[in-house]
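>>> got a predicted structure here, sequence first:
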Amino acid sequence: MHRVVSAEIDLETAASVDLIFQIATRADVPLASESLTFSQDVDPVELIAADGTRYHRIRSLEGRLEVRYTAVVQTQDAPSPTSDVELITYMRPSRYSESDILFGQARRQFRGLAGAELVQAVADYVSESLAYTSGASNGTDSAATILPKGQGVCRDYTHSVVALLRAMDVPARYTACYAPGLVPMDFHAVAEAYLDGAWHVIDATRLANRRGLVRIATGVDAAACAWLSYHGGSVSLKRLQVDAEADAPLADDDHTALVQIA
């Protein structure tokens, strides 16, 4: 099975700006083809992190910039191994997943649970506690602020799951991905929990089929996986269109089952 993913991004910059994109699939994702283009005459630099996350950095010119990315993803291989250092990192509180602040709540809410039962209980709790509402949160909202609000988008669901799992001593991480069949279509965020020697996907929004996900980036929270960051100027987003589809039907996704992103 192949998956075709794409992103079209139109920006307006007031001056020359240092732009960093995380829209390409991770380096360990097997690709049949890939294209990344910029409408301006720029010289993109690809940077690859230790975990395979790819950054594409440019110095834009003043004016409109159109970015186009597309890739055809082949059937993926077994997931990359995880180091002890990664597991330590994904046990700690982070900017948007404050497991220390939510520690007491998690210990009361999920007392006596462990393993797959705990992971499922956290996923169910966040799914039932939040209503998916576009525009209900902003870039500074975190797990500790979004749970009392009761509404948010995929990044908010993910931050909440990650924070609660870490508070229960389960390594958890934030993953940005393309999601065939997602409605509304956009860059998607899911959590991953480390259980029995493997990372298992949790999509508390229940909006995506986890068996079709294509990994873009993985990190402690959204701060490590932003599809765009910039420095030294101002940028306005004029248009964003993300698409992802599979060339064959995906197997049904039972959200009580343990599923991995290859």
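Nice, thanks for sending it over.
>>> the strands in the stretch 101-250 of the chain, which residues?
Using DSSP state E, counting those that start in this stretch, the strands found in the stretch 101-250 of the chain span residues 131-132, 151-152, 172-178, 188-195, 198-202, 214-219, 228-231, 235-246.
>>> neighbouring strands - and their directions - for the last one?
So the one you mean is strand 235-246. As defined by DSSP bridges, the strand partners of strand 235-246 come to strand 3-13 (antiparallel).
>>> and if you look at the fourth one?
Here strand 188-195 is paired, per DSSP bridges, with strand 172-178 (antiparallel), strand 198-202 (antiparallel).
>>> columns mean pLDDT, distance to residue 220 and mean neighbour count on top of the ones you listed, output as JSON lines?
C-betas here are computed from N, CA, C, even on glycine. Shown next, in JSON lines, are the strands paired with strand 188-195 (pLDDT from 0 to 100; distance: least, CB to CB, whole Å; neighbours: other CB atoms under 10 Å):
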{"stretch": "strand 172-178", "mean pLDDT": "98", "distance to residue 220": "7", "mean neighbour count": "27"}
{"stretch": "strand 198-202", "mean pLDDT": "96", "distance to residue 220": "14", "mean neighbour count": "20"}
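>>> skipping its backbone neighbours, what lies nearest the residue nearest to the spatial centre of the chain in space?
The centroid of the chain falls nearest to residue 176 when counting by CA atoms, centre = their mean (1.8 Å). Distances taken as CB to CB, 6 or more residues apart in numbering place residue 225 nearest to residue 176, at 4.0 Å, with adjacent residues excluded.
>>> so that neighbour touches residue 187, yeah?
No: at 9.0 Å, residue 225 does not count as touching residue 187 under the criterion of CB atoms under 8 Å.
>>> find residues that contact each of the two.
Jointly contacting residue 225 and residue 187 under the rule CB atoms under 8 Å, 6 or more residues apart in numbering are 176, 216.
>>> right, and the residue nearest to the centre of the chain touches residue 227 too?
Yes: contact between residue 176 and residue 227 holds when scored by CB under 8 Å: they sit 7.0 Å apart.
>>> overlap in contacts, the two.
What both residue 176 and residue 227 touch, as defined by CB under 8 Å, 6+ apart, is the set 22, 187, 216.
>>> list just the nearest of those residues to residue 31.
residue 216 (12.7 Å; CB to CB).
>>> good, we can wrap up now.
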